[in-house]
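> need a structure here:
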Amino acid sequence: MRSNFRGRLADGLRSAVRAIRRFANSPPTPHLQVQEPAVRPRIGLALGGGFARGIAHVGVLKVLMESGIPIDAIAGTSAGSIAAAAFASGCTIKEMIAAVHTLRWHKFARWTFSRLGFATNERMESLLPQMFRCRTFEQTKIPLAIVAADLTTGEAVTFREGSLIQPVRASCCFPGLFIPVEYRGHRLVDGVIVGALPVEALRGMDVDVIIGVHLKGNGSSSPPTNMFQVVSESFQIIQDRNQSIWRRDCDLVIEPDVLHVRWDDFERADELVAAGEVAARAALPALRHLLEEHEIRAAVVSKKAQSTSTPVLEPHASS
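The predicted structure follows:
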């Protein structure tokens, strides 16, 4: 009885030893390949100028948000600076639409007598805090850049820190119409003077895809009715002639049809928002295709990096 027990115990021990030896001498099990989630490209949005036509930016933002297209950084110039700052500050689309319906000349500007302009937009200093959810760049929900032009040097001045109010006011300071804004040692005017779209400002903001929103202004069949419309249309012609500069840096350009709207037609807010929505919806297939291509390229790069960085384990030598 005792000898049978000892025999079974010895057999069990020998089996255990053989199993341990097989495990020790077997080649290493390959690492399981874990499928990593797709790397989403970071999206930057550049909003151009257009005075009242800038209301169309709200329609574009509305469609992008409804379609689940995230905006990781935003830049604005001229009228686009207001939409960009409002969005970055955390305003909802509903709040932005309500705000543009109340925009009128007397709320942000007044006529004055000056050798430097016919009007001043200093009233924006009390209007903008009502439209934004914060007052500084540091408080925005996403990175923001505002572009104005230095009237003395002719260079673009990009603001990314400090107060939101003065840079946005300066970026909307149409030369000849408004008195230039003195801020941080610069004499500043409308940002469209140095570029219709603030694409350059998005560089260094860690974005992979740049979407531009361009508001074409010249081409209206009706003749201008005042000197400011003449100046506005003239500037638009110059910008259109130089558009190749910013277009080559955009991955996609959305262009709402706002040619039928004059620069000061703030009463046509509904039409402008709708124009932005139509243009954005039309661009969605191309935008989604663009984002998918970036995700595929990022996945390929990531896979190659993994294959070159994973150490190769030599199999154990058999004893």
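> and residue 259, that one's in a strand?
No - counting by DSSP: H, G, I helix; E, B strand; the rest coil, residue 259 is not part of a strand but coil.
> pLDDT at it, what is it?
We note a pLDDT of 89 for residue 259 in this prediction.
> Can you tell me how far it is from residue 215?
Separation of residue 259 from residue 215 (CB to CB, to the nearest Å) stands at 9 Å. The way it works is simple: take the backbone N, C-alpha and C, and place the C-beta from them, glycine included.
> Settle it for me: which of those two has more neighbours?
residue 215 (33 against 15; other CB atoms under 10 Å).
> Would you check that that one makes contact with residue 53?
Yes - between residue 215 and residue 53 a contact is recorded at 4.6 Å, counting by CB atoms under 8 Å.
> quick one: common contacting residues for the two?
Common contacts of residue 215 and residue 53 (CB atoms under 8 Å, 6 or more residues apart in numbering): 79, 256, 258.
> what about the first one, how many neighbours?
When neighbours are counted by other CB under 10 Å, residue 79 registers 28.
> which one is residue 167 nearest to, not counting chain neighbours?
Nearest residue to residue 167 in three dimensions, chain neighbours excluded: residue 159, at 3.8 Å (CB to CB, 6 or more residues apart in numbering).
> cool, and residue 67?
Spatial nearest neighbour of residue 67, chain neighbours left out: residue 284 (5.9 Å); criterion: CB to CB, 6+ apart.
> Next, that neighbour: secondary structure please.
Applying three-state DSSP: residue 284 is helix.
> Quick one: residues contacting the nearest residue to residue 264 once chain neighbours are set aside.
For residue 264, ignoring the flanking residues on the chain, the nearest one in space by CB to CB, 6+ apart is residue 52 at 5.6 Å. With contacts defined as CB under 8 Å, 6+ apart, the neighbours of residue 52 are 79, 103, 261-266, 268, 272.
> Give me the secondary structure label for residue 52.
Secondary structure state of residue 52, per three-state DSSP, is helix.
> how much space between it and residue 228?
Residue 52 sits 12 Å away from residue 228 when distances are taken as CB to CB.
> anything in contact with each of those two?
When contacts are counted by CB under 8 Å, 6+ apart, residue 52 and residue 228 have 263-264 as shared neighbours.
> what stretches of the chain score poorly on pLDDT?
Applying pLDDT under 70 to the chain flags residues 1-38, 218-221, 241, 302-319.
> Now do the helices in it.
Assigned by DSSP state H, the chain shows helices spanning 2-25, 56-66, 79-88, 93-100, 105-108, 124-131, 165-171, 227-241, 244-247, 269-309.
> Deepest-packed of these, please.
Compared across the helices of the chain, helix 79-88 shows the largest average neighbour count, a mean of 29 (mean count of other CB atoms under 10 Å).
> For that helix, name the packing helices and strands.
Under the contact criterion of 3 or more CB pairs under 8 Å, 6 or more residues apart in numbering; DSSP states H and E, helix 79-88 touches strand 43-47, helix 56-66, strand 73-77, helix 93-100, helix 124-131, strand 144-150, helix 165-171.
> if we go to 7 Å?
Here helix 79-88 touches strand 43-47, helix 56-66, strand 73-77, strand 144-150, helix 165-171, going by 3 or more CB pairs under 7 Å, 6 or more residues apart in numbering; DSSP states H and E.
> Residue 95: which of the ones you listed is closest?
Between residue 95 and those, the tightest spacing by CB to CB is seen for helix 56-66, at 10.0 Å.
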